[in-house]
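Peer 1: Please work out how this folds:
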Amino acid sequence: MRWPCPNRLHMIERAAAFVAQAEHTRGRIMIPSLVASEFLVRYEEPDRVAALAKLQSRFFVAPADAKAAWLAARMF
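Peer 2: Here you go, the predicted structure:
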């Protein structure tokens, strides 16, 4: 597991609060499929199915499209 840079720890806290709020209100958080693929890269092939299932149990993984690509590019 990689540890975040110290100057980004506040982002983890904000994300955790956002996920907790969505769970409390039964909201769904959308993750572009490009982001999901970046998440899955760290898993070995046999473990990817379980990792994707866990990801999809908590989030909506949207299909890749032009808008998703544009949004993912903005993240980098």
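Peer 1: and the nearest residue to Leu71 once chain neighbours are set aside, what are its bridge partners?
Peer 2: Spatially, and ignoring its direct neighbours in sequence, Leu71 is nearest to Pro32 (6.1 Å; Cβ to Cβ, 6 or more residues apart in numbering). From N, CA and C alone the C-beta is placed, and that goes for glycine too. Using DSSP bridges, the beta-bridge partners of Pro32 come out as Ala62.
Peer 1: Isn't Pro32 up against Ala62?
Peer 2: Yes: counting by Cβ atoms under 8 Å, Pro32 touches Ala62, with 5.5 Å between them.
Peer 1: of these two, who's got more company?
Peer 2: Pro32 (20 against 16; other Cβ atoms under 10 Å).
Peer 1: Can you tell me how far that one is from Ala64?
Peer 2: Going from Pro32 to Ala64 by Cβ to Cβ, to the nearest Å gives 7 Å.
Peer 1: So what touches the longest helix seen in the chain?
Peer 2: For the chain, the longest helix by residue count, based on DSSP state H, is helix 9-25. Outside helix 9-25, the residues within contact range by Cβ atoms under 8 Å, 6 or more residues apart in numbering are 4, 27-29, 58.
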